[in-house]
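**Q** Please find the sequence and the predicted model below.
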Number of protein chains: 2
Amino acid sequence: MIDKGKVRVGNKPLNDYLISAALLFNQGASKVVLVGKGNNISKAVALYNTLKDRMGEAIKLRDVRIGSEEVKGKIVSFIEIEVERNY
Amino acid sequence: MIDKGKVRVGNKPLNDYLISAALLFNQGASKVVLVGKGNNISKAVALYNTLKDRMGEAIKLRDVRIGSEEVKGKIVSFIEIEVERNY
């Protein structure tokens, strides 16, 4: 049983992350955070939209956080999309 | 005098949008919404971070909205980052 899951969106196809997120909810996670950095921020938003499109009322957008952090001396933007299970 | 401004992030260099946002605040806008669609979502977040880095306490993140819309029959993701002037 997982309370809170995290999906880090990288360079794999969108469907891989869609499956990861769906499995986390299936395993009982009440919240899943979709994380994207740099150019993958757009993909994280696309992932949320696809998830919402597929799961509809079963999930709810709880919070969207944006910011930047230093990774190996470089400033990188990030997004954290917090999605809540609604059932 | 403008109450609310909007900067649509497209394919131009980031600095162009940084200037647009700064000018809107200078013209008296109390809120500026940074809008990015599709692959430009990442750039809109980078714009917010650069603006925050340059303007510091002078601006405050008010809201981040994400979603999707249909443009010419295609589903496109978007982000709207609402920034408030803090002075």
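**A** Received the coordinates, thanks.

**Q** Look at A:Tyr87 and give its secondary structure.
**A** Following DSSP: H, G, I helix; E, B strand; the rest coil, we place A:Tyr87 in the coil state.

**Q** distance of the residue nearest to it when sequence neighbours are not counted from B:Arg62?
**A** Counting by Cβ to Cβ, 6 or more residues apart in numbering or on different chains, the nearest residue to A:Tyr87 once its immediate chain neighbours are dropped is A:Ala58, at 5.3 Å. Every residue, glycine included, has its C-beta placed from N, CA and C. Look at A:Ala58 and B:Arg62: by Cβ to Cβ, to the nearest Å, they are 29 Å apart.

**Q** ditto for A:Glu84
**A** Look at A:Glu84 and B:Arg62: by Cβ to Cβ, they are 22 Å apart.

**Q** confidence score at the residue sitting nearest the centre point of chain A?
**A** Most central in chain A under Cα atoms, centre = their mean is A:Leu34, positioned 1.4 Å from the mean C-alpha point. pLDDT, A:Leu34: 98.

**Q** That one and A:Val83 touch, don't they?
**A** Yes. A:Leu34 lies in contact with A:Val83 (Cβ atoms under 8 Å); the separation is 6.6 Å.

**Q** Need the overlap of contacts for these two.
**A** Residues within reach of A:Leu34 and of A:Val83 at once, by Cβ atoms under 8 Å, 6 or more residues apart in numbering or on different chains, are A:Ala21, A:Tyr48, A:Leu51.

**Q** Turn those into a markdown table, columns for secondary structure, pLDDT and distance to B:Gly28.
**A** Listed next are the shared contacts of A:Leu34 and A:Val83 as a markdown table, based on DSSP: H, G, I helix; E, B strand; the rest coil; pLDDT from 0 to 100; distance: Cβ to Cβ, whole Å:
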| residue | secondary structure | pLDDT | distance to B:Gly28 |
| --- | --- | --- | --- |
| A:Ala21 | helix | 95 | 43 |
| A:Tyr48 | helix | 97 | 34 |
| A:Leu51 | helix | 95 | 40 |
